[in-house]
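K.L.:
sequence plus predicted model, see below.
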Amino acid sequence: LHEKIAQHTAPRPFYTLEFFPPRTDQGFENLASRIARLAELNPLAISITWGAGGSTKDRSLELAGLTQMEYGVDTVLHLTCTNMEKGTVDHVLRAAKERGIETILALRGDPPRGEEDWTATDSRFSYAKDLVSYIRSTPEFASAFSIGVAAYPDGHTESASDVEAQIQHLKEKVDAGADFIVTQLFYDVDGFLQWIKEVRAAGITVPIIPGIMPIQTYSSFKRLIKLSGARVPQDLSAELDPISHDDQKVKDFGVNLTVEMIRRLNSEGNIQGFHICTLNLEKSVLRVLEGLQWTGAVQPPQNKLIADTPGAMVH
Ligand code: FAD
């Protein structure tokens, strides 16, 4: 079954790096060499996103297979469960297993654009918790995977329900068998620290890994804020808006802000692990890691995900 990992005192926090599969062969090759360089820095895991509806199925599997098998980095394959052809979930879980992938980020996925009122194409899967339960109750997969699930410190955009109800939905996913939580990107550190207290008060004890996205360009920042519904603190806007026309200044600001956020989350929230959304870019991530002095050799032992509380991480 699972190898449970208890709390570990790390010499310094760990980080995971998220990438999405590029559309073209050239893009894929370029990204592969970027990942190879970043993999040298010993991220605890690499996380590969999934196109909703299975649109990136082959490329996500190929990229995840490459990072797991060729680069030897623990790889987290994101997998959505709704609006996919029946049988896709089993096919992908099997393919992941064949590639040595041992961790799945179990997601519901967004509805197809313009279809807010949708019905599940496979009646077994309406919510992410259905995918967690499915993996845990299917003998072929039950002990093959660690399972992560998503959470939204600033609230889920589409959910009409209040924070408390959303935390209860999160608890249902954990109770269904999830081992850890990765959050949506956010910039409101105070809000996050408050949210995590509420999550803990609700009895959710698994590790929580905050999603951190260094601001790369002003336009991508604006787009992602709109998509994710993340709150932007006033002092952030007050510093960023006046330099919005200067790409280099925006990038520098993004790097410094990320370093500050991670330091604060680590010292005030005792957060011991961070999920960095790279947008497939190398430079800012590297500068953030250098800023934190995390590019040297010391790393927590491989195969362990550690976060802010004791909790079961399974491989
Ligand atoms: P769920 O946990 O199922 O929740 C969906 C909504 O339903 C929430 O509002 C929740 O509160 C509500 N809900 C849950 N249970 C119930 C219930 N019993 N009754 C009523 N309401 C309920 N998307 C991709 O397509 N590919 C990716 O690779 C990807 N990676 C992601 C990585 C991270 C770290 C995060 C945070 C999100 C990612 N997403 C990805 C986006 C995600 O698919 C969407 O946000 C999606 O809308 C919700 O997915 P979920 O797994 O959180 O859903």
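P.N.:
Sure, I can see it. This is a predicted model, so every value here is computed, not measured.
K.L.:
what residues does this protein have near the ligand?
P.N.:
Where proximity means C-beta under 6 Å from any ligand atom, the interface of the chain facing the ligand comprises 49-50, 52, 78, 80, 105, 107-110, 127-128, 150, 156, 158-159, 161, 166, 169, 173, 182, 184, 211. Where C-beta positions appear, they are placed from N, C-alpha and C, glycine not excepted.
K.L.:
hmm, try it at 5 Å
P.N.:
Remark: the part of the chain in contact with the ligand comprises 49-50, 52, 78, 80, 107-110, 127-128, 150, 156, 159, 166, 169, 182, 184, using C-beta under 5 Å from any ligand atom.
K.L.:
hmm, which of those are the buried ones?
P.N.:
For the residues of the chain next to the ligand, burial is judged from neighbour counts taken by 16 or more other C-beta atoms under 10 Å, and it is met by 49-50, 52, 78, 80, 107-110, 127-128, 150, 156, 166, 169, 182, 184.
K.L.:
ok, now how distant is residue 185 from residue 24?
P.N.:
Counting by C-beta to C-beta, to the nearest Å, the gap between residue 185 and residue 24 amounts to 26 Å.
K.L.:
of those two, which one has the most company?
P.N.:
Set side by side, residue 185 and residue 24 show more neighbours around residue 185, with 21 against 9, by other C-beta atoms under 10 Å.
K.L.:
and the closest residue to the more buried one other than its chain neighbours, how many neighbours?
P.N.:
Take residue 185 and drop its neighbours on the chain: the residue closest to it by C-beta to C-beta, 6 or more residues apart in numbering is residue 213, 4.1 Å away. Using other C-beta under 10 Å, the number of residues around residue 213 comes to 24.
K.L.:
over to residue 212?
P.N.:
The local packing of residue 212 (other C-beta under 10 Å) involves 22 other residues.
K.L.:
count of neighbours near residue 137?
P.N.:
So residue 137, with other C-beta under 10 Å, has 11 neighbours.
K.L.:
which of the three states applies to the residue of the stretch 201-315 of the chain found nearest the ligand?
P.N.:
Sorted by distance to the ligand under C-beta to the nearest ligand atom, the residues of the stretch 201-315 of the chain start with residue 211, at 5.0 Å. Assigned with DSSP: H, G, I helix; E, B strand; the rest coil, residue 211 falls in the strand class.
K.L.:
what sits against it?
P.N.:
Residue 211 makes contact with 18, 182-186, 275, 277 under the criterion C-beta atoms under 8 Å, 6 or more residues apart in numbering.
K.L.:
before I go, just wanted to say thanks for your time.
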